[in-house]
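Q: whatever this is, show me its structure:
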Amino acid sequence: MLPAHPVVAVIGTGSMGGVYAGFFAESGTTVIAIDTWAEHVSAINENGLRLSGVSGDRYISGITASTDIHAAKDADLFIIATKASGVADAARAIAAMAKPSQLVLTIQNGLGAADRIAAHMPVEQVLLGVAEGFGASIVEPGHIHHNNMRQIRIGEINGGITPRLTAVETLWQAAGFKAAAFADINQLIWEKYICNVMLSAPCTVFDCNVGELFANPEWKAIAIGAMLEAYHLGIAKGISFSFDDPVAYATAFAEGMPKANPSMRLDHMAGRRSEIDAINGMVPVLGQDMNIPAPYNQVLAAEVKRREDAF
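A: This next block holds a predicted model:
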């Protein structure tokens, strides 16, 4: 359970983590922001965190930012908001200092975050989250632009609704998020995952936004093919999807955000490596383990990696 006035540490205070930290601080929660970008950390400490976009344009004070994760050692809730590649390092550092009463909530795109954390600490302390319909980007050090926000979905790794899960749900809601606890968070992770697979690498490879991807019949067919490979893997793993028609579900998801750019494309536009291994690149890996071919994602992932090798 969380204390009456919990301390929240956001590990990875980039685009999405910055939104989390800002909203929690505005609600009166004590927030510790941890990030490896020293210039960003300095700007937050000196001027406050600037949030602009759909939630308004303002500076938020009261956030303690640091590049040293040990500054967060007394947090009651650690929110890991790094990219997938940073989850293991964050979990390793938290495990070295965390007490059994402290909770970890990890919110990433793609698959594998729970496994990366489990390699370093007991999963009994870990909750999983899905940020649905969110969008944010870093404008400059200390400034996050907030594009969209629908829902934070959270759950226990092993399922069920527990008192601590309900307490974390309440904490997010009190900070102004539309948050909800779910008994089967893995279903929601997979439902978001197949949409990420459909949009991430295709938009990156074809250098287009979501609307442009779906306006081109050939590109759309490739994106749908990649999504179906991920969907069939989920079925094989026993995921109870909430729909019977994955194409209709994923298409409706895409049509609701035609101007959006997946974070993978934004990474490439900025010359950064992406989360390809946790998204499209994970499909052929799982497919090989389960003897399910995944040629669309194998080719898309290979092309994304080829481009990243030139960064």
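Q: residue closest to the middle of this structure?
A: For the chain, Q108 is the residue whose C-alpha lies nearest the centre (CA atoms, centre = their mean; 2.6 Å).
Q: ok, it - contacts?
A: By CB atoms under 8 Å, 6 or more residues apart in numbering, the contact list for Q108 reads I80, A81, T82, K83, A84, V87, E275, A278. For glycine as for every other residue, the C-beta is placed from the backbone atoms N, C-alpha and C.
Q: closest one to L165 out of these, please.
A: Nearest to L165, judged by CB to CB, of those is I80 at 16.6 Å.
Q: circling back to that earlier point, of the contacts of Q108, which belong to helices?
A: If you go by DSSP state H, the contacts of Q108 have V87 in helices.
Q: going by neighbour count, which of the contacts of Q108 comes out on top?
A: A81 (29 neighbours; other CB atoms under 10 Å).
Q: tell me the secondary structure at T106.
A: strand (DSSP: H, G, I helix; E, B strand; the rest coil).
Q: state the distance from it to V123.
A: Using CB to CB, to the nearest Å, we find T106 at a distance of 11 Å from V123.
Q: between these two, what contacts are shared?
A: Joint contacts of T106 and V123 (CB under 8 Å, 6+ apart) are A114, I117.
Q: the more surrounded of these two?
A: Neighbours of T106 and V123, each counted by other CB under 10 Å, are more numerous for T106; the result is 23 against 15.
Q: for A294, see how far away the more buried one is.
A: Taking CB to CB, one finds T106 at 25 Å from A294.
Q: with F78 instead?
A: Separation of F78 from A294 (CB to CB) stands at 33 Å.
Q: before we move on, what about L286?
A: L286 is 8 Å from A294, where distance means CB to CB.
Q: shared neighbours, those two?
A: With CB under 8 Å, 6+ apart, L286 and A294 have common neighbours L233.
Q: who's more crowded, these two?
A: A294 (27 against 19).
Q: check which helix or strand covers the nearest residue to the more buried one once chain neighbours are set aside.
A: Leaving aside its chain neighbours, A294 sits nearest to G287 (3.9 Å; criterion: CB to CB, 6 or more residues apart in numbering). Using DSSP states H and E, G287 falls within helix 282-290.
Q: okay, buried residues for the one helix or strand in the chain whose mean pLDDT sits lowest please.
A: Ranking every helix and strand in the chain by mean pLDDT, DSSP states H and E puts helix 113-118 at the bottom, with a mean of 84. Buried residues in helix 113-118, defined by neighbour count with 16 or more other CB atoms under 10 Å: A113, A114, R116, I117.
Q: please apply the same query to stretch 21-32.
A: A21, G22, F23, F24, A25, E26, S27, T29, T30, V31, I32.
Q: so which helix or strand takes in the third one?
A: So that's F23. Short version, using DSSP H and E: F23 is in helix 15-26.
Q: residues contacting that helix, please?
A: Residues contacting helix 15-26 (CB under 8 Å, 6+ apart): 8, 10-11, 13, 31, 33, 35, 49, 51, 55, 60-63, 79, 81-82, 107, 131, 134, 136-138, 144, 146, 149, 175-177, 263.
Q: how far away from the center of its chain is that helix?
A: 14 Å (CA atoms, centre = their mean, to the nearest Å).
Q: next secondary structure after that helix?
A: Sequence order places strand 30-34 as the next helix or strand after helix 15-26, per DSSP H and E.
Q: angle of the next helix or strand after that next one against strand 30-34?
A: Next helix or strand after strand 30-34 toward the C-terminus (DSSP H and E): helix 38-47. Orientation of helix 38-47 against strand 30-34 (axes from the mean of the first three to the mean of the last three CA atoms, to 10 degrees) gives an angle of 150 degrees.
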